[in-house]
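>>> Pasted the sequence and its predicted model underneath.
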Amino acid sequence: MSIKKVLTGNHAVSYGAMVSRVQVISAYPITPQTQVVELLSEMVADGILDAIFVNVESEHSAMSACVSASAAGARAFTATSAQGLALMHEMLHWAAGARLPIVLANINRAMAPPWSIWTDQNDSLSQRDTGWMQIYVESNQEAFDSIILAYKVAEQVYLPCMVILDAFVLSHTSEPVEIYDQEKVDKFLPPYKPMVAIEPGKAFGYGALAAPDTYMEFRYKMQKAMEKAVEIFEKEGKLFGEMFGRNYDLVEEYMMDDAEYVIVTVGATTSTARVAIQELRKQGEKVGLLKIRVIRPFPFNKVREALKGRKKVAVLDRNISFGYHGIFYQEIKSALYPLKERPQVHGYIAGLGGRDITIKDFIDIYHDMKKREDMEEIVWKGVKL
Amino acid sequence: MKNWNIPQDELLYSGHAACQGCGGALAMRLALKALGENSVATIPACCWTIISGDVLYHALKIPVFHTAFETAAISATGLKAGLTKRGFKDTTVFAWAGDGGTFDIGIQAISGAAERNEDIIYFVYDNEAYMNTGIQRSSATPWGAWTTTTPVKHPEDKPKKNIDEILAAHKIPYQATVNVAYPEDFVRKVKKAKEIKGFRFIHILAPCPPGWKMPSDISIQVARLATQTGIFPLYEVENGKHYTVSYLPPKKLPVAEYLKLQGRFKHLTESQVEYIQKMVDENWESLLRKHELTHGTLENIPRPEFYR
Ligand SMILES: Cc1ncc(C[n+]2csc(CCOP(=O)(O)OP(=O)(O)O)c2C)c(N)n1
Ligand code: SF4
């Protein structure tokens, strides 16, 4: 029997790791992630979770411990935020390059300086090209579910996966979360059986030097695995739905059937955008919402399917690639480029460092996109100068 | 011929990629003889990244996980945790790193793992510089030495960091210094380390002919002189306080004997050699006092026959 608990996003993540039966956890505290691993360390201490908890001296070491534990064939988990994720950067490459299905929960927090503990996406997006899959979630239930799904997909394609949730908006906000029956989760996510792992008696060099005549093939295979992950996400998302009653796909559409205008969101602001869309619909506006859940691998086909033939698209970025545009804006534009008839796409930056993104903001964005022609200029919402 | 008390099994194949006369390669050969096949290693960036072979050829009879420069200690920790969860509870997991990866960039993770008393053995093969990147100084480079970043006009002007005392301050169950020129002592200590639980640290003096600017056929001779002169004393420390000197040179030779064989010290003046002698004597005396404090006497320190 599943049970319902009122959980913060952080604790939903801890429960997700628990029911995924993670075997090695290693982490270092940072606001707003800390509660994720506090609860897990308690679970390990209480014997509820049969795992080894390694209390390390830095995030770099936390990720290194996960990398080696995973290389030794164990299911490994960690969580972090912002500066912690940045410190892990070298080892994020290591995890992906060594093809290790580690799952990491990143609580999206803005990068310093100036210091901020509040949400935006620049920390996780700085790691976009490390070879990690990235899932951005909208609710605490989705956070819980995504941890299980992340392992299920990661262990099939041998790539690590990040589950990303907004600081405070989700991490410290309580919502009801359905915790599934352990036996059912075990059926969906069987124990990890790696194709190769470090173990005594099997002499080989894992991650040894690759000369120019071998290195490129490793990278080619990583890319192929990423491409394959798209199908696996679709397949497992459906299976998850059959098993637990919640379907997941790489993207999610809302009121899109006859929408001429579309707002694209990633992460928790999606919930706010949904309300704005309802309001606008009441006023007779033909507007819909496209939520991107998985941004690596990028769901090209789904995004093209969803956006082709629309009049205009507005992309909301809670991030900025300095010197260019918002990152999702770039990604959506480039995904649509091969289409013969592409909709106009407009980029909006909002909510950096945890500034509120309101229903009114989305309504304003909608009206602004309707009249806007120039696609070069990015619009900063609510900057006070 | 002397009957060496050393296992005959070879777990390091002859196809490895070390330079001739590499003390680091010999060190691994000896260590593996003592550790046996139920072992796994992790190696960070260092000469051994190359020595062990590329992705297609692997020169060791045990598995090796290659890891980032600063992560040897934590990588071994993770391997141990993963293997334990998979039921390989009695496997020896060890980290194998150079002096740069140990004294410098890796020290944070080492301190963390030592403080938590992780059940791993940490080996540092100390060739006293960053050799893999072309002989730059490390904090293990001895005072007065030439390296490419401490050129002859400005040779290294800081004494070698005392990594052993840093580890002793962590009160780890076992640590020892070993030297490839003393293989029996080497193997005995590694075997002893293998039987102990918790964080163990083995500091190996590993001569490097290109880095020390010397011919490749005198590696062992030079390594032996390091101990005979007191520059690299052989000793063990248990729980950070129980000091045992494992070898007393029958006649402590002048440091000049050691220095003059190596191009990296060629530029030293007589007074500089004297200064080194003074530092070495002080360290040696302080080590003897620690032994005496532990054992109450200096009488039982082994004093094998003198050979050069
Ligand atoms: C983070 C990082 N910085 C720098 C390097 C470059 N690097 C590779 S090996 C090495 C020197 C290793 O020296 P040491 O640990 O003494 O081992 P040795 O090469 O002497 O065997 C350096 C600086 C690296 N691989 N990673
Ligand atoms: S450079 Fe020195 S340490 Fe490196 S392989 Fe050659 S001899 Fe060994």
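Perfect, thanks for sending it. Ligands and ions are numbered 1, 2, ... in the order given.

>>> for the stretch 201-350 of chain A, what are the low-confidence residue spans?
For the stretch 201-350 of chain A, no stretch has pLDDT under 70.

>>> State the number of residues packed around the closest residue to B:R264 other than its chain neighbours.
In this structure, B:R264 finds its nearest non-sequential neighbour in B:W146, 4.5 Å apart by Cβ to Cβ, 6 or more residues apart in numbering or on different chains. C-beta here means a position set from N, CA and C on the backbone, and glycine is covered the same way. Neighbour count of B:W146, defined by other Cβ atoms under 10 Å in any protein chain shown: 26.

>>> can you tell me how far B:W146 sits from A:I164?
Here B:W146 is placed at a distance of 51 Å from A:I164 (Cβ to Cβ, to the nearest Å).

>>> Any part of the host helix or strand of A:C66 near ligand 1?
Secondary structure from DSSP states H and E places A:C66 in helix A:59-71. No - using Cβ under 6 Å from any ligand atom, helix A:59-71 stays clear of ligand 1, coming no nearer than 10.0 Å.

>>> and chain B, which of its residues are near ligand 1?
So chain B meets ligand 1 at B:24, B:45-47, B:69, B:97-101, B:127, B:130-133, B:138 (Cβ under 6 Å from any ligand atom).

>>> okay, and for chain B, where does confidence drop off?
In chain B (pLDDT under 70), the answer is B:1-4, B:305-308.

>>> Show the average pLDDT along the helix holding A:C66.
The average pLDDT for helix A:59-71 rounds to 98.

>>> Tell me which residues of it come out buried.
Judged by neighbour count (16 or more other Cβ atoms under 10 Å in any protein chain shown), helix A:59-71 contains these buried residues: A:59-71.

>>> sorry, back to before: the residues of chain B next to ligand 1, buried ones only, as a ChimeraX selection?
Filtering the residues of chain B next to ligand 1 down to the buried ones (16+ other Cβ under 10 Å) takes a single ChimeraX command:
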select /B:24,45,46,47,69,97,98,99,100,101,127,130,131,132,138
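
>>> Inside helices: which ones of the residues of chain B next to ligand 1?
B:G24, B:C47, B:D99 (DSSP state H).

>>> Which other helices and strands does the helix or strand in which A:E155 is found contact?
Using DSSP H and E, A:E155 sits within helix A:140-157. Contact here means 3 or more Cβ pairs under 8 Å, 6 or more residues apart in numbering or on different chains; DSSP states H and E; on that basis helix A:140-157 packs against strand A:3-8, helix A:9-19, strand A:103-108, strand A:133-136, strand A:161-166, strand A:174-179, helix A:182-188, helix A:215-244.

>>> I'd like these laid out as a markdown table, including mean neighbour count and distance to B:K278.
As requested, the helices and strands packed on helix A:140-157 are exported to a markdown table (neighbours: other Cβ atoms under 10 Å in any protein chain shown; distance: least, Cβ to Cβ, whole Å):
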| stretch | mean neighbour count | distance to B:K278 |
| --- | --- | --- |
| strand A:3-8 | 15 | 63 |
| helix A:9-19 | 27 | 58 |
| strand A:103-108 | 30 | 53 |
| strand A:133-136 | 26 | 59 |
| strand A:161-166 | 29 | 56 |
| strand A:174-179 | 16 | 68 |
| helix A:182-188 | 14 | 68 |
| helix A:215-244 | 15 | 51 |
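
>>> Of these, which is nearest chain B?
Chain B lies closest, by Cβ to the nearest Cβ, to one member of the helices and strands packed on helix A:140-157: helix A:215-244, at 8.2 Å.

>>> that older thread, could you give the angle of the helix holding A:E155 to strand A:174-179?
Between the axes of helix A:140-157 and strand A:174-179, defined by axes from the mean of the first three to the mean of the last three Cα atoms, to 10 degrees, the angle is 40 degrees.

>>> now helix A:140-157: how far from the chain's centre is it?
The chain centre lies 10 Å from the centre of helix A:140-157; the measure is Cα atoms, centre = their mean, to the nearest Å.

>>> Convert the C-alpha atoms of it to CSV, please.
What follows is helix A:140-157, C-alpha atoms only, in CSV (Å, rounded to 0.1, in the frame of the first residue of the first chain):
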residue,chain,number,x,y,z
ASN,A,140,7.5,17.6,-4.9
GLN,A,141,5.7,14.5,-6.2
GLU,A,142,7.6,14.9,-9.5
ALA,A,143,10.8,15.2,-7.5
PHE,A,144,10.2,12.0,-5.7
ASP,A,145,9.1,10.2,-8.9
SER,A,146,12.0,11.5,-10.9
ILE,A,147,14.6,10.1,-8.6
ILE,A,148,13.2,6.6,-9.2
LEU,A,149,12.9,7.2,-13.0
ALA,A,150,16.4,8.7,-13.1
TYR,A,151,18.0,5.5,-11.9
LYS,A,152,15.8,3.4,-14.2
VAL,A,153,16.9,5.3,-17.2
ALA,A,154,20.5,6.0,-16.1
GLU,A,155,21.2,2.3,-15.5
GLN,A,156,20.1,1.4,-19.0
VAL,A,157,22.2,3.9,-20.9
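
>>> Report the mean confidence score over that helix.
Mean predicted confidence for helix A:140-157 is 98.

>>> quick one: the helices in the stretch 251-385 of chain A?
Along the stretch 251-385 of chain A, counting by DSSP state H, counting those that start in this stretch, helices occupy A:269-282, A:300-307, A:327-336, A:359-371.

>>> how about the longest helix seen in chain B: buried residues?
In chain B, assigned by DSSP H, the helix with the most residues is helix B:270-295. The neighbour-count check on helix B:270-295 (16+ other Cβ under 10 Å) flags B:V273, B:I276, B:Q277, B:M279, B:V280, B:N283, B:W284, B:L287, B:L288, B:K290, B:H291 as buried.

>>> If the closest residue to the last one other than its chain neighbours is in a bridge, with which residues?
Ranked by Cβ to Cβ, 6+ apart and with sequence neighbours excluded, the top spatial neighbour of B:H291 is B:V245, at 4.5 Å. Beta-bridge partners of B:V245, counted by DSSP bridges, are B:Y235.
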